[in-house]
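>>> Starting from these lines, generate the structure:
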Amino acid sequence: MIAAAIVLFIIITLGYRNYRQKQKMHAQQINELEIEKKLTATEAVLKGEEQERTRLAKDLHDGLGGMLSGIKYTFQSLQGKDLQSSENQQSLSRGMEMLDQSIHEMRRLAHNMMPEVLLRYGLNTAISELCQQINKTGAIKLTYDSIGIEGMEIPQTTSITIFRIVQELLNNILKHSGASTAYVQLGKNENHLSITVEDDGKGFNTDTLINAQGIGWSNIQNRVEFLKGKLHVSSSEGKGCSVLIEFSL
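Numbering: from 1, shown residues only. Okay, here's the model as predicted:
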């Protein structure tokens, strides 16, 4: 009986050790998968940022660069000439107008890179101002609402990422939806932050998002994943679109 008890003890001990070893290996595999997922999400976000930098460089080269070259040519053509003549006065006025346009373009690009209001006053004010700017264009009637956000401190990296998500969603509405009205809501409920963006546009079959190749939608997905958020899209043809994104704080 003693021998049997010893053998049973050894079997139980070995079995327990084997069980513990398997548990450790399983936990390690889960940890490795989680790390890999984080790295993939981070890489995707960085890729999206690189795409945005490429787009910005193109805007600088084709837009602002072209304007400045035109201004330089205009002012060079006026060197040594009588600026009092009506013809040269017109050339000078055109050059000054192009200079004003260049300043406006530079401010637009700087705002797209990093909205100053976001750094100074936070996410809520930045999204509110973004919606106001879009409203001023007259392209769409946009309503913004915030719930429980006032005075809330959100890490800068998170704020910038969420701002870019909202910005990209609104760009998609303006470019593709054909909507006349849209609604944006930023809300806090206990330990969750939610973003709701809706429009009354032509809508679409959400199955097409599975194989969507557009940079804009890819950037939205990557940023949501980067913040470990959940993305829900509800839409059908002729019935507009509703996007709900939730983050844990």
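>>> Which pLDDT value belongs to Ser194?
In the predicted model, Ser194 carries a pLDDT score of 93.
>>> farthest residue from the center of the chain?
Seen from the C-alpha centroid of the chain, the residue lying at the greatest distance (CA atoms, centre = their mean) is Met1, 71.0 Å away.
>>> Show me the beta-bridge partners of the residue nearest to Val224 when sequence neighbours are not counted.
Nearest-residue entry for Val224: Leu231, 4.7 Å, with adjacent residues in sequence omitted and distances by CB to CB, 6 or more residues apart in numbering. C-beta: built from backbone N, CA, C; applies to glycine. With DSSP bridges as the criterion, Leu231 is bridged to Ile245.
>>> ok so, going back, what's the residue farthest from the centre of the chain in contact with, if anything?
With contacts taken as CB atoms under 8 Å, 6 or more residues apart in numbering, Met1 has no neighbouring residues.
>>> what about the closest residue to Glu150 other than its chain neighbours, distance to Gly148?
With CB to CB, 6+ apart as the criterion, Glu150 has its nearest non-adjacent residue at 6.9 Å, and that residue is Asn124. Distance of Asn124 to Gly148, given as CB to CB, to the nearest Å: 10 Å.
>>> Gln90 too?
57 Å.
>>> which secondary structure element contains Glu129?
Using DSSP states H and E, Glu129 sits in helix 123-137.
>>> what about that helix, average pLDDT?
Looking at helix 123-137 alone, the average pLDDT works out to 87.
>>> cool, stretch 179-189 as well?
Confidence over stretch 179-189 (mean pLDDT, whole number) is 92.
>>> Grab the nearest non-local neighbour of the residue positioned nearest the centre of the chain.
Here the mean C-alpha position of the chain is nearest to the C-alpha of Arg164 (CA atoms, centre = their mean), at a distance of 2.5 Å. Sequence neighbours aside, Arg223 is the residue nearest to Arg164 in space, at 6.2 Å (criterion: CB to CB, 6+ apart).
>>> Thank you, goodbye.
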